[in-house]
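*Asks:* Below: sequence and its predicted model.
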Amino acid sequence: MAVVLLTDFAWPDDSIERRVVEAAGHRLVSGPSTPLSTDGIERLVADCEPQAIMTCWARVSQRAIGSPKDLRIVQRLGVGIDNIAVEAATARGTWVANVPDYCVDEVSDHAIALLLDWARGTTAFDRDVKRGHWRPASAKLRRVSELVVGIVGYGAIGRRTVAKLAGFGCKLLLHRASGDPVEGASVVTLDALLAASDVVILHAPLTPATRHLINADRLGRCKSGAFLINVSRGDIVDTKALVAALESGALSGAGLDVVEGEPEPPRALVERPDVIVTPHVAFSSDASLAELRRRAAEQVVRVLGGGTPIHPCNTPKGHS
């Protein structure tokens, strides 16, 4: 019987994870739903001596990974692995895995919802009417089919966003790691995409190379009045530079599901009337969360049984 530590969770209980883990004959130990500090996670790991760690938002540090005698996998309950010390896991022979495709429809839907909200003014008008104003003549709305939409990143979610936006008749520009052609979109440089796009959607993963990818220089290259959508990771956008671009009018607004500094994002950004903010929920639906939790737990059980992850994010030392 192995010990599986669930560091934290962004849902009401641990019932799905517990059912899968215990059905395989292992023991699940759950931390608090709200993530502990890095030091707190390290103490929790030291106390539990787990063979597997499942983590949602908690930071699993090098020290946490190095602590257990026999740690076989660190499983992310999500897509991004920027909260896990992957190099430390690789060096000690521990798998790191994620569930990269559980929320493809949800995140692409959310990005398009933010685009439509900006183009049609639904949130802004709702706020205005609730304040007692009925001013249809103030409308400055856009025809969606005439928009140029630039998408930065072309993983599973980027591909789904391109496919969905094609149905709206938008002109689609795409910046991706490779320059290979994409049906329905023109592959261009990042600078060319920023200069031509009415809407820029960020679907890139957070890596050292993409941290503050959208900075003051690149915001200065954006088409005047463009709208920025971030449904990937908050740290891809330099918050101070974004506030400055909004204050100057260089951008007409932003739609943000993720914000640098979350869960306590800068008030100077999120309280702006030209910014639409949701609390990192683009991934979420009843269906996606159930799928994520089940598949993550099943992947842990697979590794504890001697198998390899279905979705590995590293090649650990001693594994080919």
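*Replies:* Arrived safely.
*Asks:* tell me how far the ends of stretch 246-265 are from each other?
*Replies:* In stretch 246-265, first residue to last residue: 16 Å (Cα to Cα, to the nearest Å).
*Asks:* Could you list the buried residues of it?
*Replies:* Using 16 or more other Cβ atoms under 10 Å as the test for burial, stretch 246-265 gives 246, 250-260, 262, 265. All C-beta spots, glycine's among them, are computed from the backbone N, C-alpha and C.
*Asks:* Serialize those to TSV and add fields for distance to residue 300, pLDDT and secondary structure.
*Replies:* Shown next, in TSV, are the buried residues of stretch 246-265 (distance: Cβ to Cβ, whole Å; pLDDT from 0 to 100; DSSP: H, G, I helix; E, B strand; the rest coil):
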residue	distance to residue 300	pLDDT	secondary structure
246	43	97	helix
250	46	96	coil
251	42	97	strand
252	45	96	strand
253	41	97	strand
254	37	98	strand
255	34	98	strand
256	32	98	strand
257	27	98	coil
258	26	97	coil
259	30	97	coil
260	31	94	coil
262	27	90	coil
265	32	93	coil
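*Asks:* For residue 272, which non-adjacent residue is spatially closest?
*Replies:* Of all residues beyond its chain neighbours, the one nearest residue 272 is residue 246 (6.1 Å), with distances taken as Cβ to Cβ, 6 or more residues apart in numbering.
*Asks:* Settle this for me: that neighbour is touching residue 266, isn't it.
*Replies:* No. With contact defined as Cβ atoms under 8 Å, residue 246 does not count as touching residue 266 (11.9 Å).
*Asks:* ok, which stretches of the protein are strands?
*Replies:* With strands called from DSSP state E, the chain shows them at 3-6, 27-30, 52-55, 73-76, 95-97, 148-152, 171-175, 186-187, 199-202, 226-230, 251-256, 275-277.
*Asks:* Check the ones you listed for me: which has the lowest mean pLDDT.
*Replies:* Of all the strands of the chain, strand 186-187 carries the lowest average pLDDT, namely a mean of 92.
*Asks:* That one: partners in the sheet, and parallel or antiparallel?
*Replies:* Here strand 186-187 is paired, per DSSP bridges, with strand 171-175 (parallel).
*Asks:* Not counting the strand it pairs with itself, show me its contacts.
*Replies:* For strand 171-175, contacts defined as Cβ atoms under 8 Å, 6 or more residues apart in numbering pick out 147-154, 158, 162, 165-166, 182, 184-190, 192-193, 196-197.
*Asks:* Report the buried members of those.
*Replies:* Buried by 16+ other Cβ under 10 Å: 147-154, 158, 162, 165, 182, 185, 187-188, 190, 193, 196-197, out of the contacts of strand 171-175.
*Asks:* Name the residues that touch stretch 237-251?
*Replies:* Here stretch 237-251 makes contact (Cβ under 8 Å, 6+ apart) with 202, 212-216, 219-220, 222, 224-228, 230, 253-254, 259-261, 265-266, 268-269, 272, 274-275.
*Asks:* Can I get the buried part of those as one PyMOL selection?
*Replies:* Buried residues among the contacts of stretch 237-251 (16+ other Cβ under 10 Å), as a PyMOL selection:
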select buried, resi 202+213+214+219+222+226+227+228+230+253+254+259+260+265+269+272+275
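*Asks:* Just the CA trace of stretch 17-34, in CSV.
*Replies:* C-alpha atoms of stretch 17-34 as CSV (Å, rounded to 0.1, in the frame of the first residue of the first chain):
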residue,chain,number,x,y,z
GLU,A,17,-9.4,11.1,-6.0
ARG,A,18,-10.1,9.0,-2.8
ARG,A,19,-12.3,6.5,-4.7
VAL,A,20,-9.7,5.9,-7.4
VAL,A,21,-6.7,5.7,-5.1
GLU,A,22,-8.3,3.5,-2.4
ALA,A,23,-9.9,1.2,-5.0
ALA,A,24,-6.3,0.4,-6.0
GLY,A,25,-5.3,-0.5,-2.5
HIS,A,26,-3.5,2.7,-1.6
ARG,A,27,-4.0,5.4,1.0
LEU,A,28,-4.9,9.0,0.3
VAL,A,29,-3.8,11.8,2.6
SER,A,30,-5.4,15.1,1.9
GLY,A,31,-4.0,18.5,2.8
PRO,A,32,-6.3,21.6,3.2
SER,A,33,-8.2,22.7,0.1
THR,A,34,-6.5,26.1,0.2
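*Asks:* Done for today, thanks.
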